[in-house]
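Asks: Any chance you can model this:
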Amino acid sequence: MITSVHTLIYSDDPTATRAFLRDVLQWPSVPDAGSGDDWLIFKTGPSELGVHPTSGVWEGEEFSAPRHHQIALMCDDLAVTMSELESRGAGFSSESTDMGFGTGAMLQVPGADDILLYQPSHAPAFNL
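Replies: Residues are numbered from 1 along each chain as shown. Okay, the predicted model is just below:
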């Protein structure tokens, strides 16, 4: 029986990335007993999974993307959430943009790749 989804961030600076998740996103965590007190496993809240095509036509425009996985954080109000995160030291590498499936911006994560933060325009599945 599958009980949850465990996502991973690979970081050049795991200490900074973990501090960001703990202090800026304020996610609760537990230490991984076998790896030391600074190796934290974070509670990320409800989740859902979408499957996007690697190529096709959308609104008359062809698109193509390499096969990959992506982490995206969802919120109820993008502007309010961005402001709240910025007040705790977060930075964004893009402005708020209509992405078709919602409005999003790229959240900078110390030591790791950016993570999409978005306000969905689709019906969410995480609360089913």
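Asks: So which other helices or strands are in contact with the least confident helix or strand in the chain by mean pLDDT?
Replies: Among the helical and strand segments of the chain, the one scoring lowest on mean pLDDT, DSSP states H and E is strand 36-42, with a mean of 84. On a contact count with 3 or more Cβ pairs under 8 Å, 6 or more residues apart in numbering; DSSP states H and E, strand 36-42 meets helix 14-19, strand 29-32. The C-beta positions use only the backbone N, C-alpha and C, and glycine is treated the same way.
Asks: and that strand, which strands flank it?
Replies: strand 29-32 (antiparallel) (DSSP bridges).
Asks: Kindly export the partner strand (C-alpha atoms) in CSV.
Replies: The C-alpha coordinates for strand 29-32 follow below in CSV (Å, rounded to 0.1, in the frame of the first residue of the first chain):
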residue,chain,number,x,y,z
SER,A,29,10.7,18.4,10.2
VAL,A,30,12.2,15.4,11.9
PRO,A,31,15.9,14.5,12.0
ASP,A,32,16.9,11.4,10.1
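Asks: Residues contacting that strand, please?
Replies: 18, 21, 22, 37, 38, 39, 40, 41, 42, 43 (Cβ atoms under 8 Å, 6 or more residues apart in numbering).
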